[in-house]
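S.K.: Below are the sequence and a predicted model; questions follow.
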Amino acid sequence: MFAKAQIEGLAKAGNGDLALLIRQQTNNKGIISILENLGYLPSTFDATPLLELVKNTSPKVRTLAVKNLAKLGKLEFLEVYWRAFQQESDTTTRREIVSAIGRLRKPQNKPYLFQTLEDNDPKVVCQAIRGLLFYEKDDSVSRRLKPLMDHPNEMVRNIIHKEYFAEKIARKPTAPHPDSPVRLKNVVVNGDVRDVLKYVDDESIHLTFTSPPYYNARDYSIYPSYEAYLDFLAEVFLETHRITKEGRFLILNTSPIIIPRVSRSHSSKRYPIPFDIHPRLTEMGWEFIDDIIWVKPEYSVKNRVGGFMQHRKPLGYKPNTLTEYVMVYRKQTSRLLDWNIRSYPSDIVEQSKVKGEYETTNVWKIDPKFDKGHSAVFPVELCDRVIQYYSYKGDLVFDPFGGSGTVGRTAKLLDRYFFLTEMEPEYFEYMQMKVRNPPLLDESFPSRFLSLDEFMKEKTK
């Protein structure tokens, strides 16, 4: 439609030509193109055409008109904004108006922002809070904002908690963020992870990537009930939360599982593991970030659709499963990701950048891996992606259910350290064999395999 340079030139030269250009438009598409290209507006800019567009029939035009008016920072527009807000029904435009009021940075805007704190739209409330936080040392503002800690919306509560209450919680002194305990680097411990973690200090690891044993699917994963299974996982991931550094990640690979029926007079049972463990994780302080779908080329479990293929009767449809979930969680913190990144030396940040092609969607098509030594093995490609995307070189990567050790071997090849626990002696021995043949690179921290007693004694020394 219109070139940015052309519109900016008209804005700087004076408003007559720009106002004429706007009025010449026969549809809102042309007006939107002009408004999107206005760029910087000088203080001498005549806002008359923008003020007229605040009443346009198109919400998009109204939003852009307010957004451009806000660039001028003129207190005289305050009543215009407020009248527009009271008459506005479009949620995006309403939030833009509150943003414009907040950007005035004048005490006269406070009464208007106070009123919007009562709005039904939590995003409007958040925008009003943002404007009011400019007056962070103003007691009248604090008195209005602190009670919002009891607001029904979680976004509002999180902002208020961070601004007024989070810093009052004393932070435990910890080692520099990139550091991890030497005694954990490239170590595998044979024992129940719940026992092992009792001897691991707070904030020791940077990333956990794991696939827990499925409920009653293998001989080594038999639990008295599904609830007991979920309790077990919750216990493990609560301790994992404790030993994870502030703001770092837990990546959990799970999927629903089917327990076969005991006879033709009973139904099979499907347990939605990722959905049932999710609320427990968020309650203990893991913040949900992303759901990644791991797609396999073909189903690797019992053919579920076979019966339906024969009779085609509604209600009997059960699809074959080609997917698993890779759920991404972050240890809750009031600090942004930038704080984590700035904790590293610039050369480590540069060396850790993901090179070449990378996955841009949350659908990862990766072939599964089959191994004689273990019945459920991580594909190296899956480990490779997760470790590169969610850790830096020199970080400590933890897998509480070590299995065949793929997480450990991949971490080491990517110049990270690993810490694994594995309860089954058979898999513990298998991992040792895999490390010896062939030998892994970078033996500055050679792989060590310890019993629980040996690990305990190292801690007590």
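M.R.: Everything's here; your move. Residues are numbered from 1 along each chain as shown.
S.K.: drop to CA atoms for contacts and neighbour counts, all remaining ones
M.R.: OK.
S.K.: ok but residue 113 is inside a helix, no?
M.R.: Yes: per DSSP: H, G, I helix; E, B strand; the rest coil, residue 113 lies within a helix segment.
S.K.: residues in contact with it?
M.R.: Contacts for residue 113 (Cα atoms under 8 Å, 6 or more residues apart in numbering) come out as 98, 101-102, 128-129, 131-132.
S.K.: any idea how far it is from residue 101?
M.R.: Noted for residue 113: a distance of 7 Å to residue 101, by Cα to Cα, to the nearest Å.
S.K.: Against residue 199, how distant is residue 226?
M.R.: Per Cα to Cα, residue 226 is found 28 Å from residue 199.
S.K.: Residue 434 too?
M.R.: Distance check for residue 434 against residue 199: by Cα to Cα, it reads 26 Å.
S.K.: same for the helix of greatest length in the chain, what does it pack against?
M.R.: The single longest helix within the chain, with elements called by DSSP state H, is helix 226-243. Applying 3 or more Cα pairs under 8 Å, 6 or more residues apart in numbering; DSSP states H and E, we find helix 226-243 packed against helix 193-196, helix 273-283.
S.K.: Could you identify which of those helices is most buried?
M.R.: When the helices and strands packed on helix 226-243 are scored by mean count of other Cα atoms under 10 Å, the highest mean neighbour count falls to helix 193-196 (a mean of 18).
S.K.: what's that helix in contact with?
M.R.: 189, 235-236, 239, 400-401, 421-423, 452, 455-456.
S.K.: between the helices and strands packed on helix 226-243, which one is nearest to residue 24?
M.R.: Smallest distance to residue 24 across those (Cα to Cα): 54.4 Å, for helix 273-283.
S.K.: just to revisit the earlier point, how far is the longest helix of the chain from where the chain is centred?
M.R.: Computed by Cα atoms, centre = their mean, to the nearest Å, the chain-centroid distance of helix 226-243 equals 20 Å.
S.K.: What are the buried residues along stretch 142-155?
M.R.: Residues of stretch 142-155 classed as buried under the neighbour-count rule (16 or more other Cα atoms under 10 Å) are 142, 145-146, 148-149.
S.K.: now do stretch 251-259
M.R.: Of the residues in stretch 251-259, those buried (16+ other Cα under 10 Å) are 251-258.
S.K.: Check stretch 95-114 too.
M.R.: By 16+ other Cα under 10 Å, the buried positions in stretch 95-114 come out as 95-105, 109-110, 112-114.
S.K.: Repeat that for stretch 228-238.
M.R.: Across stretch 228-238, burial judged by 16+ other Cα under 10 Å covers 229-230, 233-238.
S.K.: Redo those as TSV? Include pLDDT.
M.R.: Below are the buried residues of stretch 228-238 laid out as TSV (pLDDT from 0 to 100):
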residue	pLDDT
229	93
230	94
233	96
234	96
235	96
236	97
237	97
238	96
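S.K.: Kindly provide the distance from residue 404 to residue 249.
M.R.: Residue 404 is 22 Å from residue 249, where distance means Cα to Cα.
S.K.: Equivalent analysis for residue 268, please.
M.R.: Residue 268 is 35 Å from residue 249, by Cα to Cα.
S.K.: So which of those two has more stuff around it?
M.R.: More crowded of residue 268 and residue 249, by other Cα atoms under 10 Å: residue 249, with 25 against 11.
S.K.: Who are the contact partners of that one?
M.R.: Contacts for residue 249 (Cα under 8 Å, 6+ apart) come out as 206-208, 328-331, 390.
S.K.: again, but for residue 23
M.R.: Counting by Cα under 8 Å, 6+ apart, residue 23 has no contacts.
S.K.: What of residue 452?
M.R.: Contacts of residue 452 by Cα under 8 Å, 6+ apart are 189-191, 195-196.
S.K.: Give me the pLDDT value at it.
M.R.: Residue 452 is assigned a pLDDT of 95 by the prediction.
S.K.: Ok, residue 44 next?
M.R.: 79.
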